[in-house]
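build me a model:
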Amino acid sequence: SPLPVCQTLALEPHNGVLHVTLNRPDCRNAMSLQMVAELRSVLAAVRDDQGVRVLVIAGAGGHFCAGGDIKDMAGARAQGASAYRELNRAFGALLQEVQHAPQVVVTVLQGAVLGGGFGMACVSDVAIADHRAQFGLPETSLGLLPAQIAPFVVQRIGLTQARRLALTAARFDGSQALHMGLVHFVEQDAQALAERLEEVLAQVLRCAPGANARTKQLLLASALQPSDELLDQAAQWFAEAVTGAEGTEGPVAFVHKRKPGWA
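As a prediction, this is how the structure comes out:
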């Protein structure tokens, strides 16, 4: 099936592997609404294509993804809470679609892996990180909620770690991500990352695509799924937070490089 034309993504198909590069390096590949839409269209385009067996998601310019795009948030402000709810829920839909992609999804994590980027790591089948990568859920430090991400984080690393990370907005590196089971491999440099990726791809390509797709479905059904109902509720809470006092103060303080009133 033909791949969609994308402005925020670089797409490179190669021997059964589709390399998808988040390509907004000027803003550390922040997830704009357009990027979310383009990722969803790519997933839809390859969904039934058994010739695409692996999706490798990485970021341009030494960063994976620094989270949601503050500019999109500002654009939604003019339209009120319903715009925020839809913006937020679209990202949850992307996470659900990555989670349920019949392909094996591999993330290569360097630099910033924050917020929405952290969420993407949590829905990958195999995650490979640079030891210096910086992970975190900064939302609460901006007066916001990791609304669509939270259920996927809990599923990935458990409630105990998720509570600490979400409620402290703490940053941590690749080695700590490995320790808590967020990623499967941590590497020392770009060369080692590339070699590990090649090894993982060779392993995946030994597995039958139909069997892998069904097995993934079975494994995901074996664990409780983040539900539509929960993510709909989360989008509503997000809209309330972002239009409230804290959600107004947090992004403004961030842009002006000052501490928010509550800090």
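
how much space separates M35 from G68?
When Cβ to Cβ, to the nearest Å is the yardstick, M35 and G68 sit 10 Å from each other. For the C-beta atoms, the positions are set from N, CA and C on the backbone; glycine is no exception.

more neighbours, the two?
Each of M35 and G68 had its neighbours counted (other Cβ atoms under 10 Å), and the higher figure belongs to G68 (28 against 24).

identify the bridge partners of the more buried one.
For G68, the beta-bridge partners under DSSP bridges are M31.

my guess is it meets G117, correct?
No - using Cβ atoms under 8 Å as the test, G68 is too far from G117 to be in contact (9.4 Å).

any shared contact partners between these two?
Here G68 and G117 share the contacting residues M31, scored by Cβ atoms under 8 Å, 6 or more residues apart in numbering.

now do the contacts for A10.
If you count contacts by Cβ under 8 Å, 6+ apart, then A10 has 19-21, 23, 60 around it.

quick one: pLDDT of it?
With respect to pLDDT, A10 scores 98.

distance between the lengthiest helix in the chain and the chain's centre?
Looking only at the chain and at elements set by DSSP state H, the helix with the highest residue count is helix 81-99. Remark: helix 81-99 is offset 12 Å from the chain centroid, using Cα atoms, centre = their mean, to the nearest Å.

before we move on, the earlier item: secondary structure, pLDDT and distance to G80 for the contacts of A10 - can I get that in CSV?
Conversion of those to CSV gives the following (DSSP: H, G, I helix; E, B strand; the rest coil; pLDDT from 0 to 100; distance: Cβ to Cβ, whole Å):
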residue, secondary structure, pLDDT, distance to G80
H19, strand, 98, 38
V20, strand, 98, 33
T21, strand, 98, 34
N23, coil, 98, 31
A60, helix, 98, 33
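
export the helix or strand just after the longest helix of the chain to PDB, keeping only CA atoms.
From helix 81-99 onward toward the C-terminus, using DSSP states H and E, the following helix or strand is strand 104-109. What follows is strand 104-109 as a C-alpha-only set of coordinates in PDB (Å, rounded to 0.1, in the frame of the first residue of the first chain):
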ATOM      1  CA  VAL A 104       6.600  -5.400  15.800                       C
ATOM      2  CA  VAL A 105       7.300  -1.800  16.900                       C
ATOM      3  CA  VAL A 106      10.900  -1.000  17.900                       C
ATOM      4  CA  THR A 107      11.700   2.400  19.500                       C
ATOM      5  CA  VAL A 108      15.200   3.800  19.400                       C
ATOM      6  CA  LEU A 109      15.500   6.300  22.300                       C
END
